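J.: heads up, no residue letters with this:
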């Protein structure tokens, strides 16, 4: 049988879409997904255990034959093919292929396979469309403008107005959304980016107030308490390792890995120094003095990606254990960087490492995708014992107390935690998560912790995005999904840090699960931003709306708003109650309570997607104005969602929309893709004026005598 597998799902099984997947024996994966007239192609490298399992399953399947509808599921391997609707339908192993495709195309959705199995290739960012916003800076009308490849900047709106600050193409930020607003006594400027990051500046002084990091693929994390301050460290597939102060989310700097990213991360204390070790995808390991940011060692020995690190402190010395895809476990002296031992015995990728003690001597335990657990003598560098656990992929390892002894807690692809005696491999207990699950719920990460009153806890991160705290086999706390599948965990003191498969970093208090303010980014481009009286609201292509404190970035709300991405949002007036409106690719407009996040009316069945939103008052009631891609502006009652009126006049997509009350009358202005601005009287629906422009209208604002319009070339007055 050939090592190449081809799998497809037609419209009969995937209404409105089609899926095509190829996987070769070396682990090269390519997925093409057609849906709604668009096509997404993603590539990845998967662990060798994946094609091995697929091909082994197909060798044992009933021989396939040709035939079957091209609209059904079809699987081809070498000269054999299977198709649903025939006497030899597609074998059950195809569920694994479907899960692989889903994990690659929809990284924010619950993952049905362990995260370490799939390493997506970098996606070239699409060129962002220019974006603009109008507001005030130091009491003067001003505008923000961002153009892909040219950075972003602030300027006065007057025709001769000068620059108020800018970036350039070297800023390292691909802007996709901007906002200007006054919060309290401060003028703020916010920028959202292609990678999901959001940053906020004081528009007057140029000081950076707060910001989120961008998602950089699967995240790995570490945690430490240094001089009484809880710190978090995070790294993605690309870029540098970041250091954060967990109490307020303040960035402390970067640890340079030459842009290679990190596949595993750990903190250690050795000889009075706080060290951070990061393993890269090429197998190299870098060790830094975390306080000084200085690199101490470059550890070279692994021939492939490192997936697990663990540290054993021995007074003023420390031993670092590393392992990964090359199936080797290596021991290093952290004080000198010298290699101590190479431990060989696993037959597949090693996924977990943990140190424990037997008969007063240190022992290293390891688990792997070969379904085995092994223990090793640290001083002698030799194997002690090994046992098989039943064939499932093992995904994580930690040491916990079980009764009066130390036990090895091993997680697997089915979401189980099984406890074993490290001395002889005897099974001690099995813990399984409770609650509904829509499919397999793999366990991806484990971290042992000490809770309140000395309770021995075990934190577990799952493919469905939940984090569960276990104590003696009982779930003491469950944290809901926020940012996708949990890929890594770290604990220090009362700090719990989570990395996710979409690139988000989560921080919680271990004692009660309360979120800390290490900011969580969107998991795709930021599509829209708005500043309210006290809040910053961002919408993303990931379908999520996030509400944060505008001045400090404190997370307030996370709304799963539109599954097909957020296309527009608007913050309403504070009276009679604060409202938030959002629109998405699902052709709906949703109204929310801006303080509690409680959902309100939903406007469904729109003829075209909404690209711009604004609040207004009509007949004494709050309404939401929605500018759609067919050129119309429609008004809906904000309290009931009922249609109020339609402002017709254009046929091109509405890009920007604003409403202003002047002399007791509500006027609406909109700019569209045909570089035209239109003005309506809201009460009567009358089109008052329309004017062609020499630039695309990105933002509009009323003046006492006309309109300001901002486009890629700057501002003009009408």
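T.: Good, I have the coordinates. Because the structure is predicted, anything quoted here is derived from the model rather than measured.

J.: so residue 561 makes contact with residue 581?
T.: No. At 10.2 Å, residue 561 does not count as touching residue 581 under the criterion of CB atoms under 8 Å. Any C-beta I mention is one placed from the backbone N, CA and C, and that applies to glycine too.

J.: Between those two, which contacts overlap?
T.: Common neighbours of residue 561 and residue 581, using CB atoms under 8 Å, 6 or more residues apart in numbering, are 590, 592.

J.: Checking my notes, residue 97 in a helix, right?
T.: Yes. Judged by DSSP: H, G, I helix; E, B strand; the rest coil, residue 97 forms part of a helix.

J.: re the thing from before, higher neighbour count, residue 561 and residue 581?
T.: residue 581 (29 against 24; other CB atoms under 10 Å).

J.: Residue 245 touches residue 229, doesn't it?
T.: Yes. Counting by CB under 8 Å, residue 229 is a contact partner of residue 245 at 6.3 Å.

J.: What about residue 501, how many residues nearby?
T.: So residue 501, with other CB under 10 Å, has 28 neighbours.

J.: If we ignore the residues flanking it in sequence, what's nearest it?
T.: Counting by CB to CB, 6 or more residues apart in numbering, residue 501 lies nearest to residue 485, which is 4.0 Å off, once chain neighbours are set aside.

J.: Give me the contact list for the helix or strand harbouring residue 491.
T.: Residue 491 is part of strand 486-492 when elements are defined by DSSP states H and E. Taking contacts as CB under 8 Å, 6+ apart, the residues outside strand 486-492 that touch it are 115-116, 218-225, 230-233, 265-267, 444-449, 459-463, 465-467, 496-501, 510.

J.: can you do 6 Å?
T.: For strand 486-492, the external contacting residues (CB atoms under 6 Å, 6 or more residues apart in numbering) are 115, 218-225, 444-445, 447, 449, 459, 461, 467, 497-501.

J.: mind listing the helices for the protein?
T.: Counting by DSSP state H, the chain has helices at residues 49-59, 94-105.

J.: Just name the most buried of those.
T.: Burial of the helices of the chain is given as mean neighbour count (mean count of other CB atoms under 10 Å); helix 94-105 ranks first at a mean of 20.

J.: who's more crowded, residue 245 and residue 229?
T.: The neighbour comparison of residue 245 against residue 229 (other CB under 10 Å) goes to residue 245, with 17 against 12.

J.: The more buried one pairs with what?
T.: residue 231, residue 250 (DSSP bridges).

J.: can you check residue 199 too?
T.: According to DSSP bridges, the partner residues bridging residue 199 are residue 191, residue 211.

J.: Quick check: the gap between it and residue 252.
T.: Per CB to CB, to the nearest Å, residue 199 is found 16 Å from residue 252.

J.: OK, contacts around the residue nearest to residue 47 when sequence neighbours are not counted?
T.: With CB to CB, 6+ apart as the criterion, residue 47 has its nearest non-adjacent residue at 4.7 Å, and that residue is residue 117. For residue 117, the contacting residues are 46-47, 50, by CB under 6 Å, 6+ apart.

J.: Residue 431 now?
T.: For residue 431, the contact set (CB under 6 Å, 6+ apart) comprises 417, 470, 473.

J.: between those, which has the most around it?
T.: Counting neighbours by other CB under 10 Å, residue 417 comes out on top of the contacts of residue 431 with 23 neighbours.

J.: Check the offset of the strand holding residue 491 from the chain's centre.
T.: 15 Å (CA atoms, centre = their mean, to the nearest Å).

J.: same thing with stretch 476-483?
T.: Centre-to-centre, stretch 476-483 and its host chain are 15 Å apart (CA atoms, centre = their mean).

J.: What pairs with the strand holding residue 491, parallel or antiparallel?
T.: strand 495-500 (antiparallel).

J.: How about residues contacting the partner strand?
T.: With CB under 6 Å, 6+ apart, strand 495-500 has contacts from 219-221, 223, 230, 232, 246, 459, 467, 483-484, 486-490, 506-508, 510.

J.: hmm, try it at 7 Å
T.: Residues outside strand 495-500 that contact it (CB atoms under 7 Å, 6 or more residues apart in numbering): 219-221, 223, 230, 232, 234, 246, 459, 461, 467, 483-490, 505-508, 510.

J.: What does the pLDDT read for the most centrally placed residue in the chain?
T.: Nearest to the geometric centre of the chain sits residue 502, at 3.0 Å (CA atoms, centre = their mean). On the pLDDT scale, residue 502 is placed at 75.

J.: how about it, what does it touch?
T.: 107-108, 215, 483-484, 523.

J.: so which of these comes closest to residue 348?
T.: Using CB to CB, the shortest approach to residue 348 within these belongs to residue 107, at 24.2 Å.

J.: So that closest one sits against residue 484, correct?
T.: Yes. Contact criterion CB atoms under 7 Å: residue 107 and residue 484 qualify, at 6.1 Å.

J.: Name the residues contacting each of these two.
T.: Counting by CB under 7 Å, 6+ apart, the common neighbours of residue 107 and residue 484 are 501-502, 523.

J.: Compile these into CSV and extend it with columns for distance to residue 156.
T.: Putting the shared contacts of residue 107 and residue 484 into CSV (distance: CB to CB, whole Å) gives the following:
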residue, distance to residue 156
501, 44
502, 39
523, 36
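
J.: where does this protein have its least confident helix or strand?
T.: strand 163-166 (a mean of 70; mean pLDDT, DSSP states H and E).

J.: What number of residues are in the vicinity of residue 562?
T.: 26.

J.: Enumerate every residue touching it.
T.: When contacts are taken as CB under 7 Å, 6+ apart, residue 562 is in contact with 543, 582, 584-586, 588.

J.: that older thread, want to throw the helices of the chain into a markdown table with mean pLDDT?
T.: As requested, the helices of the chain are exported to a markdown table (pLDDT from 0 to 100):
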| stretch | mean pLDDT |
| --- | --- |
| helix 49-59 | 93 |
| helix 94-105 | 91 |
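
J.: got those as JSON lines, with distance to residue 322 columns?
T.: Shown next, in JSON lines, are the helices of the chain (distance: least, CB to CB, whole Å):
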{"stretch": "helix 49-59", "distance to residue 322": "19"}
{"stretch": "helix 94-105", "distance to residue 322": "26"}
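
J.: For residue 41, find the nearest of these.
T.: Residue 41 sits nearest to helix 94-105 of all those, at 9.4 Å, using CB to CB.

J.: Among residue 107 and residue 484, which residue is more densely surrounded?
T.: Per other CB under 10 Å, whichever of residue 107 and residue 484 has more neighbours is residue 484, with 27 against 24.

J.: Next, the buried residues of stretch 401-417.
T.: 401-402, 406-413, 415-417 (16 or more other CB atoms under 10 Å).

J.: how far does it sit from the chain's center?
T.: Counting by CA atoms, centre = their mean, stretch 401-417 is centred 28 Å from the centre of its parent chain.

J.: And for stretch 297-311?
T.: For stretch 297-311, the distance to the chain centre is 25 Å (CA atoms, centre = their mean).

J.: Name whatever forms a beta bridge with residue 547.
T.: Here residue 547 sits in beta bridges with residue 537, residue 557, going by DSSP bridges.
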